[in-house]
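Trainee: quick one, what's the 3D model for this:
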Amino acid sequence: QVQLVESGGGLVQAGGSLRLSCAASGSIFSINAMGWYRQAPGNQRELVATITGGSVTNYADSVKGRFTISRDNAKNTVYLQMNSLKPEDTAVYYCNAVGVRGAYNWYRPVVWGQGTQVTVSS
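Mentor: Sure thing, here's the model as predicted:
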């Protein structure tokens, strides 16, 4: 009933930029919060940034000042602008949606995307 599809990952040199997008599809009435997480090999999945429906944002300390999360509520899409990328930003980036309410009275507490690879070379 709801699917998250990420795009925009790839290979970039240190200091470069990438923009990730995540679109939620389905008969969606509302989404409470959306966010980005990442998982590097051998590490646990960690929070990168989140944004509420009212555009209140939260960032991991490691990305503050470099990454910007934004959201288009009309398109049920969340973006992550990543600047000044570092090799330690290399990971699979996952999008999630929290509190997804459907147009036909269904509800999903959390939905995850399939992930997109970001690789930063030194």
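Trainee: what's the pLDDT at the residue most central in space within the chain?
Mentor: The centroid of the chain falls nearest to Trp36 when counting by CA atoms, centre = their mean (2.9 Å). Looking at Trp36, its pLDDT reads 98.
Trainee: isn't it right next to Ala97, touching?
Mentor: No. Using CB atoms under 8 Å, Trp36 is not in contact with Ala97, being 11.1 Å away. Just so you know, the C-beta spots here come from the backbone N, C-alpha and C atoms, and that holds for glycine as well.
Trainee: joint contacts of these two?
Mentor: Jointly contacting Trp36 and Ala97 under the rule CB atoms under 8 Å, 6 or more residues apart in numbering are Val78.
Trainee: related to what we said a few turns ago, the residue nearest to the centre of the chain: which element?
Mentor: Using DSSP states H and E, Trp36 sits in strand 28-39.
Trainee: quickly run through the sheet partners of that strand, with directions.
Mentor: Next to strand 28-39 in the sheet, as set by DSSP bridges, lie strand 46-52 (antiparallel), strand 91-102 (antiparallel).
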